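Asks: sequence and computational prediction follow.
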Amino acid sequence: MGIQIDVVVGYPINDEVERVLGLAEAVGEPVTVTFMWEGREEAERAVLVPAATLALWEHWAPTAYPTNGAGDESRAVAEEPELAHPAEFGAFTLFRRAGGRTAVARKGVVVAELLDPDEAHWLQEQARDVRQGFMDPKQKAAFEEFLTRQASLDEQ
């Protein structure tokens with residue numbers, strides 16, 4: 001990922017979430033967050049991706065993240081099922097969604113999503129690879145013109 005920022009959040013209270021979200025929005029890059037939930041021994045790692053960045057990745061990623069990974073079954077069994085109700089933390093509401101994603105909303109608008117670190121990395125890589133292979137029509141025409149002006153290998 002572009003900028004690697006690790007943040008440990010003891011409990012997603014208003015100030016902590018606001019600082020982490022503000023950081024992600026300011027740099028426009030994902031922020032890796034480690035949640036230390038009360039009552040759980042293990043920390044939960046996630047990547048907070050600003051909504052605009054995630055929309056860009058999903059626009060360019062050609063397929064959905066594969067959910068049949070090797071480690072998914074053991075994790076799904078070990079986790080307790082989430083409540084259907086959104087969790088409110090001050091100005092923020094967390095909406096746990098299918099597939100392990102959590103939408104972060106402020107004043108009714110989704111401003112970021114928490115993703116599994118592997119999914120975030122995969123999405124970013126897929127989007128980068130597809131975007132690098134894409135040329136808009138004007139760029140493609142200019143590139144083809146440039147190639148026609150180049151000397152052939154025999155002439156060099």
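Replies: Looks like it came in fine. Numbers count the residues shown, from 1 in each chain.
Asks: secondary structure element holding the residue nearest to residue 58 when sequence neighbours are not counted?
Replies: Sequence neighbours aside, residue 123 is the residue nearest to residue 58 in space, at 6.9 Å (criterion: Cβ to Cβ, 6 or more residues apart in numbering). C-beta here means a position set from N, CA and C on the backbone, and glycine is covered the same way. If you go by DSSP states H and E, residue 123 is part of helix 117-132.
Asks: now do residue 34
Replies: Assigned by DSSP H and E, residue 34 falls within strand 31-35.
Asks: all strands of this protein, in order?
Replies: For the chain, applying DSSP state E gives strands covering 6-9, 31-35, 44-50, 87-89, 92-96, 102-106, 109-115.
Asks: circling back: tell me the gap between the helix holding residue 123 and the middle of its chain.
Replies: In terms of Cα atoms, centre = their mean, to the nearest Å, the gap separating the centre of helix 117-132 from the centre of its chain is 9 Å.
Asks: mind listing what the residue nearest to residue 58 touches?
Replies: 54, 57, 58, 61, 65, 115 (Cβ atoms under 8 Å, 6 or more residues apart in numbering).
Asks: noted, bye for now.
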